[in-house]
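J.: here's a sequence, model it:
(one chain, ligands or ions: 1)
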Amino acid sequence: MHIDVLTLFPEMVSGVFNASILQKAQEKNKFSYNLINFRDYTENKHSKVDDYPYGGGAGMVLAPQPIFDAVSAVTKDKSKPRIILMCPQGEPYNQKKAEELAKEEHLVFICGHYEGYDERIRDHLVTDEISIGDYVLTGGELGAMVVIDSVVRLLPDVLGNKESAPEDSFSTGLLEHPHYTRPADFRGMKVPDILLSGDHGKIAQWRRKESLRRTYERRRDLIERENLSEKDLILLDEIQNKYDRR
Ligand SMILES: C[S@@+](CC[C@H](N)C(=O)[O-])C[C@H]1O[C@@H](n2cnc3c(N)ncnc32)[C@H](O)[C@@H]1O
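T.: Reported below is the predicted structural model:
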């Protein structure tokens, strides 16, 4: 996979690319990236990339020309990239979208700043608009890195045995079960006996039930969306009964 990030502030993202799993993934040639300052593409003699909004009002609007030309330069020789506009008005980001983007060969992220973008960028250039949540950031860089991090960790062989993406929260449709490590007894706080039993069948069932319990407690909206098996429904019934008795 190749990732291009169009930004006026490349220094905001370079550190994230060069640490932890993202750095290791590049060392294993799982992806490459390029940071493009779209100011380098402006035709404005004062190097401006923004202008006042037509009709008046607060803030500056990113002009179409530098962004259209920067995208054109990075997509020239490559086949159909996804061109992603980071934007609070976009599609709410989730794990399903991360899985979809992880199948692509080339992603281009456009990070806005100031009041926003000229609407023609949205209408005629991008393939996706992504929001990372219902709040407003000063720029698209942090959001782009959230998306990139979550996509790269899904690329084949990026995560080692120590981490497992398929069991993560949201990948299964539910929140993940609780984890424990040594010691079995930490200052009187004990690990559940079942995890020390060595009975893999029972451990798997305990984990599934805890995953259902946690999701029921914290994110009932996920449970309602999920197509639960007969076995899950029995476990869920036990969990709900316990709640009703409280
Ligand atoms: C100050 S915001 C502009 C907000 C815009 N005036 C609006 O109300 O929709 C500047 C830039 O930050 C980025 N941004 C802000 N919030 C975001 C969010 N929740 N998700 C993704 N990008 C965001 C976008 O790139 C946006 O163009």
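J.: is it true that R82 touches K103?
T.: No: with contacts defined as C-beta atoms under 8 Å, R82 does not count as touching K103, sitting 10.0 Å away. C-betas here are computed from N, CA, C, even on glycine.
J.: how far does the helix or strand where D221 lies sit from its chain's centre?
T.: The secondary structure element spanning D221 is helix 220-225 (assigned by DSSP states H and E). Between the mean C-alpha location of helix 220-225 and the chain-wide mean there is a distance of 20 Å, by C-alpha atoms, centre = their mean, to the nearest Å.
J.: on that earlier part again, compare R82 and K103 (neighbour count), which wins?
T.: A count of neighbours by other C-beta atoms under 10 Å puts R82 above the other of R82 and K103, at 16 against 11.
J.: could you chop the chain up by domain?
T.: 2-152, 172-244 (automatic domain parsing).
J.: what about the longest one, near the ligand?
T.: Yes: judged by C-beta under 6 Å from any ligand atom, domain 2-152 comes into contact with the ligand through 86-89, 111-113, 115-116, 131-133, 135-140, 143.
J.: which strand runs longest in the protein?
T.: Among the elements of the chain assigned as strand by DSSP state E, the one spanning the most residues is strand 82-92.
J.: pull out the buried positions in that one.
T.: Buried residues in strand 82-92, defined by neighbour count with 16 or more other C-beta atoms under 10 Å: 82-88, 90.
J.: name the helices or strands packed onto that strand?
T.: Helices and strands touching strand 82-92, as assessed by 3 or more C-beta pairs under 8 Å, 6 or more residues apart in numbering; DSSP states H and E, comprise helix 95-101, strand 106-110, strand 116-117, helix 119-124, strand 128-131, helix 141-152.
J.: and the first one, what does it pack against?
T.: It refers to helix 95-101. strand 82-92, helix 141-152.
J.: identify the residues contacting the spatially most central residue of the chain.
T.: Centrality entry for the chain: nearest residue to the mean C-alpha point is V147, 3.4 Å, by C-alpha atoms, centre = their mean. V147 makes contact with 84, 86, 93, 98, 101, 109, 130, 132 under the criterion C-beta atoms under 8 Å, 6 or more residues apart in numbering.
J.: what of F109?
T.: The contact partners of F109, taken as C-beta under 8 Å, 6+ apart, are 3-6, 84, 86, 140, 144, 147-148.
J.: ok, what's across the strand from I110?
T.: L6, L85 (DSSP bridges).
J.: so who does it touch?
T.: Taking C-beta under 8 Å, 6+ apart as the contact definition, I110 lies against 6, 67, 71, 83-86, 117, 121, 126, 140.
J.: where does it land on pLDDT?
T.: In this model, I110 is scored at 98, pLDDT.
J.: for it, give its distance to L35.
T.: According to C-beta to C-beta, to the nearest Å, I110 and L35 sit 13 Å apart.
J.: please state the offset of the lowest-mean-pLDDT helix or strand in the chain from the chain centre?
T.: Each helix and strand of the chain was given a mean pLDDT (mean pLDDT, DSSP states H and E); the minimum falls on helix 230-245 at a mean of 91. For helix 230-245, the separation from the chain centroid amounts to 32 Å (computed by C-alpha atoms, centre = their mean).
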